[in-house]
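1. quick one, structure for this:
(chains A and B)
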There are 2 protein chains.
Amino acid sequence: MNSPSVNQHRYSHSNEPSWSRSEKAIARKTFDAALDRELQEVIREAKQKAGQIKEPADLWDLEHFLTQRRKDIDRKYDYRYSQLDLVFGRLLREKWIDEEDLRGLGEDKLRAIHSFAKFSAGTDPA
Amino acid sequence: MNSPSVNQHRYSHSNEPSWSRSEKAIARKTFDAALDRELQEVIREAKQKAGQIKEPADLWDLEHFLTQRRKDIDRKYDYRYSQLDLVFGRLLREKWIDEEDLRGLGEDKLRAIHSFAKFSAGTDPA
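-> Numbering: from 1, shown residues only, chains lettered A, B, ... in the order given. A predicted model of the protein is given here:
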């Protein structure tokens, strides 16, 4: 409730591109589809790992895999308009979405997303 | 290093039955066999649960199942001679071991184990 948080709020509004109604619809659809693809992939991998369990250590490897994937996905899929350029940039780089999924977003968004797609290549775990 | 811990140490020695060499061999074999049976059962259940995964929530149910089983097994399998009567009592009650596995242990141990088998029935999660 003190001034820094008020300033932060103003600052963030003045620097973020606003999302039109049609852009929001595209963003929601793209976001949900990517999340679904990634979760389906985790399901596929978990079933495969479980099928290969031979000894107790393999059980705890599977547990660790699931915990890591859950945390990673929780962190990655942040549906705030202030974060979406970054999120889509990463998803583009990791190939969970492609250019077609982004069609209809404004030039400003696409520029930011492509910039984050390149940037995040050096910061995320591969 | 202060007196309470020294007293505890003495107290525990004066009240615990000592384990003969042959009893220790039986205890080790019985303990390891029970742990192996229980882990094989976790492997069986994990494979079954993984096979039935249909949606993301099922993934995190499997993760939770594995975490709980790991913690439970870590807590339960405490191979200290001061704890073995209690451990075998619980394993007997849960049918991971039977009377035959305990054959060769002294009467004092068997009495304590049977007493813990009954006692733990009211204290553990079923």
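
2. what residues does chain A have near chain B?
-> Contacts of chain A with chain B, taken as CB under 8 Å from any CB of the partner chain, map to A:39, A:42-43, A:46-47, A:49-51, A:53, A:56, A:58-60, A:62-63, A:66-67, A:70. No exception for glycine: its C-beta is placed from N, CA and C like everyone else's.

3. repeat the analysis, applying 6 Å as the threshold.
-> A:39, A:43, A:46-47, A:50, A:53, A:56, A:59, A:63, A:66-67 (CB under 6 Å from any CB of the partner chain).

4. filter these to the buried ones?
-> A:39, A:43, A:46-47, A:50, A:53, A:56, A:59, A:63, A:66 (16 or more other CB atoms under 10 Å in any protein chain shown).

5. just to revisit the earlier point, pull the most distant pair out of the residues of chain A next to chain B.
-> For the residues of chain A next to chain B, the farthest-apart pair by CB to CB is A:Leu39 and A:Pro56; their separation is 26.9 Å.

6. residues in contact with the closest residue to chain B within chain A?
-> Proximity of chain A to chain B (CB to the nearest CB) peaks at A:Ala50, 3.2 Å away. Counting by CB atoms under 6 Å, 6 or more residues apart in numbering or on different chains, A:Ala50 makes contact with B:46-47, B:50.

7. and it, its phi and psi?
-> For A:Ala50, the backbone dihedrals are phi -60, psi -40 (criterion: degrees, to the nearest 10).

8. got a pLDDT number for the closest residue to it other than its chain neighbours?
-> In space, A:Ala50 comes closest to B:Ala50 once its chain neighbours are excluded; the distance is 3.2 Å by CB to CB, 6 or more residues apart in numbering or on different chains. At B:Ala50, the model reports a pLDDT of 98.

9. check which helix or strand covers A:Asp58.
-> Assigned by DSSP states H and E, A:Asp58 belongs to helix A:56-76.

10. could you give the angle of the very next helix or strand once past that helix to helix A:56-76?
-> Next helix or strand after helix A:56-76 toward the C-terminus (DSSP H and E): helix A:84-93. Orientation check (axes from the mean of the first three to the mean of the last three CA atoms, to 10 degrees): helix A:84-93 against helix A:56-76 gives 140 degrees.

11. what's around A:Arg37, how many residues?
-> Counted with other CB atoms under 10 Å in any protein chain shown, residues neighbouring A:Arg37 total 13.
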